[in-house]
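**Student:** sequence and predicted structure below; questions after.
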Amino acid sequence: SYFLARRQDGVATAEVFRPRVRPHYRAASPGSMSSLLTPTNVTIAAGAAAALYVAYQLTRDTKADPPPATPAAAAPELPPYTETARDSMFASGEDEGSIGDMIADAMEGMDRQTKRRFEALIGALVADAAALPTYWNYNPDTITQAMKASGAKHPEFLSPTSNLHFRIPVGSYSCHGSQILAIMESLVAAGGFDARIMAQSYDSAFGLSSDYGSLTNEKGQSKGWRNLSVSEYIKAASEGKAPLDRGHASDCQSDAYVKVIPIVCVYAGRPELMETCEAAIRLTQNNDKAVVMGCTAARILEGCILGISPDVSVLESTTHLPGYMQPAVREEFANIVCDIYCMRKEESVERVVEECGKGLEVKMRAMARSCMPPYCLQIPSYIVASDPCSYSAAVRTSILSGGDNCPRA
(Lines give C-alpha, C1' and ligand atoms only; values in the text may rest on other atoms or scores of the structure.)
Protein backbone atom coordinates (compact mmCIF):
# COMPACT_ATOMS: atom_id res chain seq x y z
CA SER A 1 0.00 0.00 0.00
CA TYR A 2 0.95 3.61 -0.49
CA PHE A 3 1.98 4.51 3.05
CA LEU A 4 3.95 1.30 3.56
CA ALA A 5 5.91 1.95 0.37
CA ARG A 6 6.87 5.40 1.65
CA ARG A 7 8.05 4.37 5.05
CA GLN A 8 11.76 3.97 5.67
CA ASP A 9 11.55 1.96 8.86
CA GLY A 10 8.92 0.24 10.98
CA VAL A 11 7.92 -2.66 13.14
CA ALA A 12 7.94 -5.23 10.35
CA THR A 13 10.67 -4.44 7.83
CA ALA A 14 13.48 -6.38 6.24
CA GLU A 15 15.95 -4.52 8.45
CA VAL A 16 17.57 -6.73 11.08
CA PHE A 17 18.49 -4.85 14.23
CA ARG A 18 21.55 -5.93 16.16
CA PRO A 19 20.52 -7.75 19.34
CA ARG A 20 21.19 -5.63 22.37
CA VAL A 21 20.14 -5.41 25.97
CA ARG A 22 16.60 -4.10 26.37
CA PRO A 23 16.77 -0.48 27.58
CA HIS A 24 14.77 -0.96 30.77
CA TYR A 25 12.18 1.77 31.21
CA ARG A 26 13.76 4.07 28.69
CA ALA A 27 11.75 7.25 28.62
CA ALA A 28 9.57 7.83 25.61
CA SER A 29 10.76 10.50 23.23
CA PRO A 30 9.69 14.01 24.27
CA GLY A 31 6.29 14.80 22.89
CA SER A 32 5.77 11.30 21.49
CA MET A 33 2.45 10.87 23.33
CA SER A 34 1.09 14.22 22.24
CA SER A 35 2.21 13.76 18.63
CA LEU A 36 0.75 10.24 18.50
CA LEU A 37 -2.53 10.61 20.39
CA THR A 38 -4.44 13.24 18.48
CA PRO A 39 -8.01 13.01 17.17
CA THR A 40 -6.68 13.44 13.63
CA ASN A 41 -4.34 10.48 13.95
CA VAL A 42 -7.06 8.33 15.46
CA THR A 43 -9.38 9.26 12.59
CA ILE A 44 -6.72 8.31 10.08
CA ALA A 45 -6.12 4.98 11.81
CA ALA A 46 -9.85 4.30 12.08
CA GLY A 47 -10.43 4.85 8.38
CA ALA A 48 -7.22 3.31 7.11
CA ALA A 49 -8.32 -0.30 6.94
CA ALA A 50 -11.38 0.23 4.78
CA ALA A 51 -9.70 2.94 2.75
CA LEU A 52 -6.57 0.95 2.01
CA TYR A 53 -8.76 -2.01 1.13
CA VAL A 54 -10.32 0.03 -1.67
CA ALA A 55 -6.90 1.23 -2.76
CA TYR A 56 -5.71 -2.37 -2.84
CA GLN A 57 -8.72 -3.35 -4.95
CA LEU A 58 -7.91 -0.58 -7.42
CA THR A 59 -4.31 -1.67 -7.82
CA ARG A 60 -4.48 -5.45 -7.46
CA ASP A 61 -2.86 -7.43 -10.22
CA THR A 62 -5.46 -10.17 -10.56
CA LYS A 63 -8.14 -8.47 -12.66
CA ALA A 64 -7.42 -10.70 -15.64
CA ASP A 65 -8.71 -13.76 -13.82
CA PRO A 66 -12.55 -13.68 -13.80
CA PRO A 67 -14.20 -15.27 -10.76
CA PRO A 68 -16.27 -18.40 -11.35
CA ALA A 69 -20.01 -18.37 -10.87
CA THR A 70 -19.90 -20.30 -7.60
CA PRO A 71 -17.24 -19.41 -4.96
CA ALA A 72 -15.69 -22.59 -3.53
CA ALA A 73 -15.80 -21.48 0.11
CA ALA A 74 -19.44 -20.38 0.31
CA ALA A 75 -21.75 -22.65 2.26
CA PRO A 76 -24.65 -23.98 0.15
CA GLU A 77 -27.27 -22.30 2.34
CA LEU A 78 -25.60 -18.87 2.19
CA PRO A 79 -25.32 -16.82 -1.01
CA PRO A 80 -21.94 -15.25 -1.90
CA TYR A 81 -21.32 -12.11 0.14
CA THR A 82 -19.36 -9.32 -1.57
CA GLU A 83 -20.47 -6.10 0.13
CA THR A 84 -17.68 -3.65 0.95
CA ALA A 85 -17.46 -0.99 3.65
CA ARG A 86 -19.33 2.21 2.81
CA ASP A 87 -18.11 4.37 5.68
CA SER A 88 -14.43 4.44 4.76
CA MET A 89 -12.39 7.54 4.01
CA PHE A 90 -12.48 6.45 0.38
CA ALA A 91 -16.28 6.49 0.45
CA SER A 92 -16.04 10.06 1.79
CA GLY A 93 -14.20 11.20 -1.31
CA GLU A 94 -10.56 10.43 -0.49
CA ASP A 95 -8.40 8.37 -2.82
CA GLU A 96 -5.25 6.30 -2.45
CA GLY A 97 -2.95 9.27 -2.94
CA SER A 98 -4.70 11.61 -0.51
CA ILE A 99 -5.00 8.92 2.16
CA GLY A 100 -1.30 8.14 1.78
CA ASP A 101 -0.51 11.85 2.05
CA MET A 102 -2.59 12.12 5.24
CA ILE A 103 -0.64 9.30 6.82
CA ALA A 104 2.68 10.71 5.63
CA ASP A 105 1.70 14.16 6.96
CA ALA A 106 0.69 12.65 10.28
CA MET A 107 4.15 11.10 10.60
CA GLU A 108 5.95 14.27 9.52
CA GLY A 109 8.33 15.35 12.25
CA MET A 110 7.99 12.10 14.23
CA ASP A 111 11.23 10.51 15.32
CA ARG A 112 12.00 6.96 14.28
CA GLN A 113 10.55 5.37 17.40
CA THR A 114 7.32 7.36 17.29
CA LYS A 115 6.85 6.37 13.65
CA ARG A 116 7.01 2.74 14.71
CA ARG A 117 4.33 3.36 17.32
CA PHE A 118 2.06 4.99 14.76
CA GLU A 119 2.72 2.32 12.15
CA ALA A 120 1.94 -0.41 14.67
CA LEU A 121 -1.50 1.13 15.27
CA ILE A 122 -2.28 1.51 11.57
CA GLY A 123 -0.80 -1.90 10.80
CA ALA A 124 -2.86 -3.67 13.46
CA LEU A 125 -6.12 -2.21 12.20
CA VAL A 126 -5.38 -2.88 8.55
CA ALA A 127 -4.31 -6.46 9.32
CA ASP A 128 -7.48 -7.17 11.30
CA ALA A 129 -9.69 -5.96 8.46
CA ALA A 130 -7.55 -7.81 5.91
CA ALA A 131 -8.08 -11.12 7.72
CA LEU A 132 -11.79 -10.71 8.46
CA PRO A 133 -13.13 -12.35 5.24
CA THR A 134 -11.20 -15.54 6.04
CA TYR A 135 -11.79 -15.54 9.80
CA TRP A 136 -12.42 -18.84 11.63
CA ASN A 137 -11.59 -21.19 8.79
CA TYR A 138 -9.69 -23.90 10.65
CA ASN A 139 -8.79 -25.76 7.49
CA PRO A 140 -6.31 -23.52 5.63
CA ASP A 141 -7.21 -25.29 2.38
CA THR A 142 -10.56 -23.52 2.57
CA ILE A 143 -8.78 -20.19 2.26
CA THR A 144 -6.60 -21.24 -0.66
CA GLN A 145 -9.64 -22.72 -2.43
CA ALA A 146 -11.53 -19.45 -1.93
CA MET A 147 -8.58 -17.50 -3.31
CA LYS A 148 -8.49 -19.72 -6.37
CA ALA A 149 -12.24 -19.40 -6.88
CA SER A 150 -12.15 -15.60 -6.69
CA GLY A 151 -9.00 -15.22 -8.80
CA ALA A 152 -7.04 -13.69 -5.94
CA LYS A 153 -3.29 -14.19 -5.65
CA HIS A 154 -3.23 -13.08 -2.01
CA PRO A 155 -5.56 -13.82 0.91
CA GLU A 156 -6.18 -10.33 2.27
CA PHE A 157 -9.60 -8.67 1.90
CA LEU A 158 -10.92 -11.73 0.11
CA SER A 159 -14.21 -11.31 -1.75
CA PRO A 160 -16.60 -13.12 -1.75
CA THR A 161 -16.01 -13.65 1.95
CA SER A 162 -15.31 -17.13 3.26
CA ASN A 163 -16.19 -16.10 6.82
CA LEU A 164 -19.44 -17.99 7.36
CA HIS A 165 -19.95 -17.12 11.02
CA PHE A 166 -20.83 -13.48 10.50
CA ARG A 167 -21.11 -11.45 7.33
CA ILE A 168 -20.22 -7.78 7.50
CA PRO A 169 -18.76 -5.60 4.73
CA VAL A 170 -15.24 -6.37 3.59
CA GLY A 171 -12.99 -3.67 5.05
CA SER A 172 -14.72 -3.79 8.46
CA TYR A 173 -13.09 -4.74 11.75
CA SER A 174 -13.62 -7.87 13.76
CA CYS A 175 -14.33 -7.57 17.49
CA HIS A 176 -10.55 -7.52 17.96
CA GLY A 177 -10.02 -4.54 15.67
CA SER A 178 -12.99 -2.80 17.28
CA GLN A 179 -11.34 -3.25 20.68
CA ILE A 180 -8.10 -1.70 19.43
CA LEU A 181 -10.03 1.29 18.11
CA ALA A 182 -12.11 1.64 21.30
CA ILE A 183 -8.94 1.70 23.42
CA MET A 184 -7.29 4.20 21.06
CA GLU A 185 -10.29 6.48 21.42
CA SER A 186 -10.19 6.18 25.20
CA LEU A 187 -6.49 7.06 25.25
CA VAL A 188 -7.21 10.19 23.22
CA ALA A 189 -10.19 11.16 25.39
CA ALA A 190 -8.26 10.77 28.64
CA GLY A 191 -4.87 11.94 27.39
CA GLY A 192 -3.48 8.57 28.49
CA PHE A 193 -4.82 5.46 30.16
CA ASP A 194 -7.85 5.72 32.42
CA ALA A 195 -9.70 2.47 33.13
CA ARG A 196 -13.05 4.20 33.60
CA ILE A 197 -12.74 6.08 30.31
CA MET A 198 -11.77 2.82 28.61
CA ALA A 199 -14.89 1.23 30.13
CA GLN A 200 -17.03 4.02 28.70
CA SER A 201 -15.43 3.48 25.29
CA TYR A 202 -16.26 -0.25 25.48
CA ASP A 203 -19.85 0.53 26.49
CA SER A 204 -20.19 2.77 23.45
CA ALA A 205 -18.49 0.40 21.00
CA PHE A 206 -20.06 -2.88 22.15
CA GLY A 207 -23.20 -1.99 24.13
CA LEU A 208 -26.67 -3.21 23.28
CA SER A 209 -27.35 0.01 21.36
CA SER A 210 -24.17 -0.33 19.27
CA ASP A 211 -23.93 -1.93 15.83
CA TYR A 212 -23.28 -5.24 17.61
CA GLY A 213 -26.90 -5.19 18.80
CA SER A 214 -28.25 -7.93 21.06
CA LEU A 215 -26.02 -10.39 22.90
CA THR A 216 -27.10 -13.33 20.77
CA ASN A 217 -24.75 -14.75 18.13
CA GLU A 218 -26.03 -16.88 15.25
CA LYS A 219 -24.03 -18.36 12.40
CA GLY A 220 -24.38 -16.26 9.27
CA GLN A 221 -25.57 -13.15 11.11
CA SER A 222 -25.26 -9.76 9.43
CA LYS A 223 -23.66 -8.00 12.40
CA GLY A 224 -20.34 -8.23 14.19
CA TRP A 225 -19.61 -11.15 16.51
CA ARG A 226 -18.75 -10.20 20.09
CA ASN A 227 -16.04 -12.35 21.64
CA LEU A 228 -16.81 -14.13 24.91
CA SER A 229 -15.13 -11.67 27.26
CA VAL A 230 -16.74 -8.68 25.53
CA SER A 231 -20.17 -10.32 25.55
CA GLU A 232 -19.88 -11.10 29.25
CA TYR A 233 -18.65 -7.58 29.93
CA ILE A 234 -21.72 -6.06 28.25
CA LYS A 235 -23.99 -8.60 29.96
CA ALA A 236 -22.52 -7.59 33.33
CA ALA A 237 -23.13 -3.95 32.46
CA SER A 238 -26.79 -4.70 31.72
CA GLU A 239 -27.00 -6.34 35.15
CA GLY A 240 -25.80 -3.16 36.81
CA LYS A 241 -22.27 -4.22 37.74
CA ALA A 242 -19.69 -1.48 38.18
CA PRO A 243 -17.37 -0.91 35.18
CA LEU A 244 -14.30 -2.30 36.93
CA ASP A 245 -16.13 -5.38 38.24
CA ARG A 246 -17.13 -6.89 34.90
CA GLY A 247 -13.96 -8.76 33.90
CA HIS A 248 -14.35 -12.44 33.05
CA ALA A 249 -12.82 -14.64 35.75
CA SER A 250 -11.48 -17.34 33.43
CA ASP A 251 -11.50 -16.23 29.77
CA CYS A 252 -7.91 -15.87 28.59
CA GLN A 253 -8.29 -15.95 24.83
CA SER A 254 -6.46 -13.84 22.26
CA ASP A 255 -8.31 -10.63 23.21
CA ALA A 256 -5.69 -10.33 25.96
CA TYR A 257 -2.85 -9.60 23.58
CA VAL A 258 -4.92 -7.55 21.13
CA LYS A 259 -5.92 -5.03 23.80
CA VAL A 260 -2.34 -4.18 24.69
CA ILE A 261 -1.37 -2.98 21.20
CA PRO A 262 -2.47 0.66 21.63
CA ILE A 263 -1.24 0.64 25.23
CA VAL A 264 2.24 -0.44 24.14
CA CYS A 265 2.26 2.09 21.32
CA VAL A 266 1.91 4.83 23.94
CA TYR A 267 3.78 3.42 26.93
CA ALA A 268 6.66 1.43 25.36
CA GLY A 269 9.86 2.18 27.24
CA ARG A 270 8.06 3.58 30.28
CA PRO A 271 7.98 2.04 33.78
CA GLU A 272 4.19 2.00 33.96
CA LEU A 273 3.76 -0.15 30.82
CA MET A 274 3.11 -3.46 32.58
CA GLU A 275 0.66 -2.15 35.17
CA THR A 276 -1.20 -0.26 32.46
CA CYS A 277 -1.42 -3.34 30.25
CA GLU A 278 -2.63 -5.38 33.21
CA ALA A 279 -5.38 -2.87 34.00
CA ALA A 280 -6.52 -2.84 30.37
CA ILE A 281 -6.60 -6.65 30.20
CA ARG A 282 -8.42 -7.09 33.51
CA LEU A 283 -11.22 -4.76 32.44
CA THR A 284 -12.73 -7.66 30.44
CA GLN A 285 -10.48 -10.63 31.35
CA ASN A 286 -9.83 -10.54 35.07
CA ASN A 287 -7.51 -13.52 35.53
CA ASP A 288 -3.77 -14.13 35.83
CA LYS A 289 -3.35 -16.24 32.68
CA ALA A 290 -4.85 -13.55 30.45
CA VAL A 291 -2.62 -10.95 32.11
CA VAL A 292 0.62 -12.93 31.72
CA MET A 293 -0.11 -13.81 28.09
CA GLY A 294 -1.12 -10.26 27.21
CA CYS A 295 1.92 -8.77 28.97
CA THR A 296 4.23 -11.26 27.23
CA ALA A 297 2.87 -10.06 23.89
CA ALA A 298 3.24 -6.47 25.08
CA ARG A 299 6.95 -7.00 25.78
CA ILE A 300 7.41 -8.50 22.30
CA LEU A 301 5.85 -5.46 20.64
CA GLU A 302 7.70 -3.10 22.94
CA GLY A 303 11.01 -4.67 21.94
CA CYS A 304 10.23 -4.18 18.25
CA ILE A 305 9.24 -0.55 18.84
CA LEU A 306 12.41 0.17 20.81
CA GLY A 307 14.58 -1.31 18.06
CA ILE A 308 15.47 -4.72 19.50
CA SER A 309 15.67 -7.52 16.94
CA PRO A 310 12.35 -9.40 16.57
CA ASP A 311 13.71 -12.81 17.62
CA VAL A 312 15.34 -11.41 20.76
CA SER A 313 12.14 -9.51 21.55
CA VAL A 314 10.33 -12.85 21.59
CA LEU A 315 13.00 -14.70 23.56
CA GLU A 316 13.34 -12.04 26.26
CA SER A 317 9.65 -11.17 26.57
CA THR A 318 8.89 -13.15 29.72
CA THR A 319 12.15 -12.17 31.45
CA HIS A 320 10.86 -8.61 31.59
CA LEU A 321 7.54 -9.42 33.27
CA PRO A 322 7.03 -8.07 36.80
CA GLY A 323 8.06 -10.47 39.54
CA TYR A 324 4.68 -10.30 41.26
CA MET A 325 2.93 -12.00 38.35
CA GLN A 326 1.85 -15.61 38.92
CA PRO A 327 5.13 -17.62 38.82
CA ALA A 328 3.66 -20.85 37.43
CA VAL A 329 1.95 -19.02 34.56
CA ARG A 330 5.09 -16.96 33.87
CA GLU A 331 7.13 -20.16 33.67
CA GLU A 332 4.58 -21.72 31.30
CA PHE A 333 4.85 -18.83 28.87
CA ALA A 334 8.63 -18.61 29.29
CA ASN A 335 8.85 -22.19 28.05
CA ILE A 336 6.52 -21.38 25.17
CA VAL A 337 8.53 -18.40 23.89
CA CYS A 338 11.77 -20.35 24.32
CA ASP A 339 10.39 -23.18 22.17
CA ILE A 340 9.18 -20.70 19.56
CA TYR A 341 12.58 -19.01 19.50
CA CYS A 342 14.18 -22.39 18.80
CA MET A 343 11.74 -22.96 15.92
CA ARG A 344 12.26 -19.53 14.37
CA LYS A 345 14.29 -20.94 11.46
CA GLU A 346 11.49 -23.30 10.39
CA GLU A 347 10.54 -22.41 6.83
CA SER A 348 6.86 -23.25 7.18
CA VAL A 349 4.32 -22.08 9.73
CA GLU A 350 2.57 -25.43 9.18
CA ARG A 351 5.60 -27.14 10.69
CA VAL A 352 5.16 -24.95 13.76
CA VAL A 353 1.44 -25.73 13.92
CA GLU A 354 2.24 -29.44 13.71
CA GLU A 355 4.80 -29.18 16.50
CA CYS A 356 2.52 -27.10 18.75
CA GLY A 357 -0.35 -29.55 18.27
CA LYS A 358 1.64 -32.70 19.04
CA GLY A 359 0.17 -33.14 22.49
CA LEU A 360 -3.41 -32.99 21.21
CA GLU A 361 -5.62 -35.77 19.92
CA VAL A 362 -5.71 -35.87 16.14
CA LYS A 363 -9.28 -34.56 16.00
CA MET A 364 -8.31 -31.64 18.26
CA ARG A 365 -5.14 -30.52 16.48
CA ALA A 366 -6.91 -27.63 14.82
CA MET A 367 -6.76 -26.10 18.32
CA ALA A 368 -3.17 -25.13 17.48
CA ARG A 369 -4.72 -22.46 15.21
CA SER A 370 -7.25 -21.33 17.82
CA CYS A 371 -7.90 -18.36 20.09
CA MET A 372 -7.09 -20.41 23.19
CA PRO A 373 -3.81 -20.14 25.08
CA PRO A 374 -1.08 -21.08 24.63
CA TYR A 375 -1.83 -21.76 20.97
CA CYS A 376 -3.02 -18.26 20.13
CA LEU A 377 0.38 -16.85 21.11
CA GLN A 378 2.54 -19.48 19.43
CA ILE A 379 1.96 -18.77 15.74
CA PRO A 380 2.20 -14.95 15.97
CA SER A 381 5.32 -15.26 18.16
CA TYR A 382 6.88 -17.55 15.57
CA ILE A 383 6.05 -15.12 12.74
CA VAL A 384 7.71 -12.28 14.65
CA ALA A 385 10.73 -14.38 15.67
CA SER A 386 11.26 -15.56 12.09
CA ASP A 387 11.77 -11.90 11.10
CA PRO A 388 9.50 -11.77 8.02
CA CYS A 389 10.75 -9.77 5.07
CA SER A 390 7.85 -7.32 5.13
CA TYR A 391 4.62 -6.29 6.84
CA SER A 392 2.61 -7.81 3.98
CA ALA A 393 4.46 -11.13 4.24
CA ALA A 394 3.79 -11.35 7.98
CA VAL A 395 0.09 -10.57 7.62
CA ARG A 396 -0.38 -12.99 4.73
CA THR A 397 1.31 -15.79 6.66
CA SER A 398 -0.98 -15.06 9.60
CA ILE A 399 -4.08 -15.13 7.42
CA LEU A 400 -3.13 -18.30 5.55
CA SER A 401 -2.56 -20.13 8.83
CA GLY A 402 -6.34 -20.13 9.27
CA GLY A 403 -8.35 -20.39 12.45
CA ASP A 404 -8.16 -17.38 14.74
CA ASN A 405 -6.34 -15.26 12.19
CA CYS A 406 -7.79 -11.78 12.86
CA PRO A 407 -6.06 -11.20 16.22
CA ARG A 408 -3.00 -13.14 15.04
CA ALA A 409 -2.58 -10.87 11.99
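**Tutor:** Yes, it's here.
**Student:** roughly how far apart are Y135 and S392?
**Tutor:** Going from Y135 to S392 by Cβ to Cβ, to the nearest Å gives 19 Å. Heads up, the C-betas are built off the backbone N, CA and C, glycines and all.
**Student:** hmm, I typed the wrong one, I wanted L321.
**Tutor:** On the measure of Cβ to Cβ, L321 and S392 end up 31 Å apart.
**Student:** look at these two and report which has more neighbours.
**Tutor:** A direct count of neighbours by other Cβ atoms under 10 Å for L321 and S392 places L321 higher, at 20 against 16.
**Student:** do I have it right that that one meets C295?
**Tutor:** Yes: applying Cβ atoms under 8 Å as the test, L321 and C295 come out as touching, 5.6 Å apart.
**Student:** give me the common contacts of the two.
**Tutor:** Counting by Cβ atoms under 8 Å, 6 or more residues apart in numbering, the residues touching both L321 and C295 are M274.
**Student:** any low-confidence regions in this structure?
**Tutor:** Applying pLDDT under 70 to the chain picks out residues 1-77, 362-363.
**Student:** 90 instead, please
**Tutor:** Regions of the chain meeting the criterion pLDDT under 90 cover residues 1-107, 164, 171, 219, 323-324, 326, 345-368, 372-375, 387-390.
**Student:** at which residues are the strands of it located?
**Tutor:** With strands called from DSSP state E, the chain shows none.
**Student:** any idea how far G109 is from V260?
**Tutor:** 27 Å.
**Student:** of the two, which one has the most company?
**Tutor:** For G109 and V260, the more surrounded residue by other Cβ under 10 Å is V260, and the numbers stand at 30 against 10.
**Student:** enumerate every residue touching the residue lying closest to the more buried one once chain neighbours are set aside.
**Tutor:** Leaving aside its sequence neighbours, V260 sits nearest to A298 (Cβ to Cβ, 6 or more residues apart in numbering; 4.2 Å). Contact analysis of A298 by Cβ under 8 Å, 6+ apart lists Y257, V260, I263, V264, L273, M274, C277.
**Student:** quick check: D251 touching S231?
**Tutor:** No: D251 lies out of contact with S231 (Cβ under 8 Å); the separation is 9.7 Å.
**Student:** settle it for me: which of the two has more neighbours?
**Tutor:** D251 (23 against 20).
**Student:** tell me the contacts of the nearest residue to that one once chain neighbours are set aside?
**Tutor:** What sits nearest to D251 in space, not counting adjacent residues and going by Cβ to Cβ, 6+ apart, is S229, at 4.4 Å. Contact partners of S229, counting by Cβ under 8 Å, 6+ apart, are G247, H248, D251, Q253, D255, T284, Q285.
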